[in-house]
Every structure is written in structure tokens, then in C-alpha cells.
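**Q** Sequence plus the predicted model coming up.
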Amino acid sequence: MCALNGAGEIITDNNGYVDCYASAGQQKLKIQYLALCQSLPTVSNYQEQCDELFDEPVGKEAILSKGVIIDFVEGRTLSLKEGTYTHAAIRIDSLIQMKSQYLFDKPLLGGAGGVGKTCWTAATGTVGTYSDSQDYLGYNSLDQLATQCGNTANPEFTAQDFDAFSGPGGFTNNITGRSSPTGPYDMYTLETPNSLSDPTPGALNGKHLLGIQTFNEPVVISPFLQSLDFGFKLDGMFHLQANWQSNTTVGDNPNRKSGGGGSKYPEECIKDQSSGNSCFVYVIPTGFEFSVSTE
């Protein structure tokens, strides 16, 4: 989580670098499918093996923020057979949007060109999107950073399209063994609702995100059930980074090199350690975690 000073500002290092996780903000998702399962499903069979609660292929838009309740049923009757459910499946559109603002302990440079200690997600004056492949290859212009800084925040929704997941080993269509308070879960990028996407660079084609969770405590459906609630975690789900590129590569952080070995950041983010501003690089989703509870 982001460390704060006594003034409530996110603490950066001497050069304005920080890479941390926050809870403040909103996420906008298109939820396509929710289901409970009595055994572990797979990508190919979850729609047949699980008992669906919600199924809209085009997706239902939901803006998530802490404390907000969303009614997906909207008067429809749900029917689940009695029994013990050990797993859940959720599918959403691959595009996740974020909206947030933060206060830092040093002035930073935003992608739209503003400088200040208050920074936010920005579509105006920027491309409005974040791309894992762009971050890996390096940025060519300042407006490729979907951020802004200044005196008065004006946060806007910016987007990340998960056509694949990226990591130190390159691109992949699955991340397994992630943990959440209600149980471990796996995530997949899908080309179609039942087929994995292509993780080959240049051929990335993910259109959906699928999460399959194993419950630490199974959900029991009985005639005495009064409510069934899905919850989405927002604590620590906003990954933000401020960073800079040195004028020389001597002693520089290897993480500031692009995948091709050159400068990772726009020239406006290049600075001497004693002058200039770090850039507010991104706010991106950590993932999507969910839980199920009953009464």
C-alpha cells in the first residue's frame, strides 16, 4: 500500500519515484457472466458446469466504488438448486476503466503537461489509455501517459484493455494462484467466452477476462437463504507509479529501460537527480477480486 506522511501525501523517494497500491478511486467494468459452481470448472466448460446468476454477453456496465451497492438482478427471479458451492466464475469485458486522484509529497509532471502535487487520471490531453505492451516497449510522447497534475484535480476515466497479461517473461493468457481473503483464484484472457486468447506479441486478441475462484468457505444454498451478495475488492486495487529517466544510464534503475533497452519514458521525464520532475506514469488495475456471501 502507498505510504503517507503526516500531511496525507504519498511518499516518494528523493527523486520522486514511487510504485505502490491505493484504495481510493472508481473502477468501471462490463460484467457479462456470474455463476456458482459445485466443482472446479475450466475455461471450456464453466458455462455448462456452473449455475448462472447473471448472463448478458454484451455486458452490464457497473461503476464500482467502496460502499456502493449495485442491483444486477433488477427484479428478475434467480433460481439455484440447493447444495454446497465450492467455486465461482465471473467473466467481464477485457476493458477496465479507472478514475482516481492522489496527493504526492513532490510536484510531478502529468501526461497532459501539468505539474503539481495533486495528480489524477486524465483522458483530456492524453491518449486516455494504458497499454502493457507500450509500457514494455517504451513511450514516444508525453501524452501516452494517461495522467495529469496541477492544483485542482479533474479526474476522468482512463482505460486498460487486457488483451493479454504481461510480466517479466513476456505475455501470457493466464495468471494462476492469486490470493484473496475469500480464497485463491485464477485469471484468464479469452478470445471468445470459451477459448483462451493468443499471447503471441503482435497477435494479442483478448476480448474477455475470466476469473475462477475457489472458496475458503463454501457457499451453501438452502430454502432458508435470504440474500446472495457478490462483492468486488477495491482495497489496494489501484496500482500507481511515478518514475523518471536519468540523462545517463550510469547507475540508473534497470526498470527505467524499455524492453528494447532504450529510454523507457518520454524525454520530458528525463531529469537530473537535482532538477526536473518525475512523471506520473499510470494508474492501472491490480486485477479483479470478488467474494460471495449469503444470509
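**A** Yep, that arrived. Residues are numbered from 1 along each chain as shown.
**Q** can you pull the contacts of residue 10?
**A** Applying Cβ atoms under 8 Å, 6 or more residues apart in numbering to residue 10 gives the contacts 2-4, 18, 20, 22, 102-105. C-beta: built from backbone N, CA, C; applies to glycine.
**Q** Can you tell me which of these is closest to residue 93?
**A** Distance ranking of the contacts of residue 10 against residue 93, using Cβ to Cβ, places residue 22 first at 23.4 Å.
**Q** and the closest one, how far is that from residue 216?
**A** 26 Å (Cβ to Cβ, to the nearest Å).
**Q** So for these two, which residue has more residues nearby?
**A** residue 22 (20 against 11; other Cβ atoms under 10 Å).
**Q** any idea how far that one is from residue 91?
**A** Relative to residue 91, and taking Cβ to Cβ, residue 22 is found at 26 Å.
**Q** just residue 160 next, same as before
**A** 17 Å.
**Q** before we move on, what about residue 102?
**A** 30 Å.
**Q** Over to residue 40?
**A** Applying Cβ to Cβ to residue 40 and residue 91 gives a distance of 16 Å.
**Q** Repeat that for residue 128.
**A** Distance from residue 128 to residue 91, by Cβ to Cβ: 25 Å.
**Q** How about residue 198?
**A** Applying Cβ to Cβ to residue 198 and residue 91 gives a distance of 18 Å.
**Q** Let me see the ranges of the helices in this protein.
**A** 46-49, 132-137 (DSSP state H).
**Q** Strand partners (parallel or antiparallel) of the lowest-mean-pLDDT helix or strand in the chain?
**A** The weakest-scoring helix or strand in the chain, judged by mean pLDDT, DSSP states H and E, is strand 290-294 (a mean of 71). Partners of strand 290-294 in the sheet, by DSSP bridges, are strand 228-232 (antiparallel).
**Q** Could you give the bridge partners of residue 240?
**A** Beta-bridge pairing for residue 240 (DSSP bridges): residue 20, residue 283.
**Q** ok now do it, which residues does it touch?
**A** 2, 18-22, 100, 102, 280, 282-284.
**Q** Would you mind confirming that residue 51 makes contact with residue 78?
**A** No: here residue 51 does not reach residue 78: they are 9.5 Å apart, not a contact under Cβ atoms under 8 Å.
**Q** quick one: which of the two has more around it?
**A** Each of residue 51 and residue 78 has its neighbours counted (other Cβ under 10 Å); residue 51 has more, 16 against 11.
**Q** neighbours around the residue lying closest to residue 146 once chain neighbours are set aside, how many?
**A** In space, and not counting its chain neighbours, residue 146 is closest to residue 158: 4.0 Å by Cβ to Cβ, 6 or more residues apart in numbering. Residues near residue 158, counting by other Cβ under 10 Å, number 26.
**Q** Check the gap between residue 158 and residue 270 for me.
**A** For residue 158 relative to residue 270 (Cβ to Cβ), the value is 23 Å.
**Q** likewise residue 28?
**A** Residue 28 is 33 Å from residue 270, by Cβ to Cβ.
**Q** Give the bridge partners for the closest residue to residue 201 other than its chain neighbours, please.
**A** Leaving aside its sequence neighbours, residue 201 sits nearest to residue 171 (Cβ to Cβ, 6+ apart; 6.2 Å). Here residue 171 shows beta-bridge partners residue 166, assigned using DSSP bridges.
**Q** tell me the contacts of residue 171?
**A** Contacts of residue 171 (Cβ under 8 Å, 6+ apart): 132-133, 164-165, 199-201, 204.
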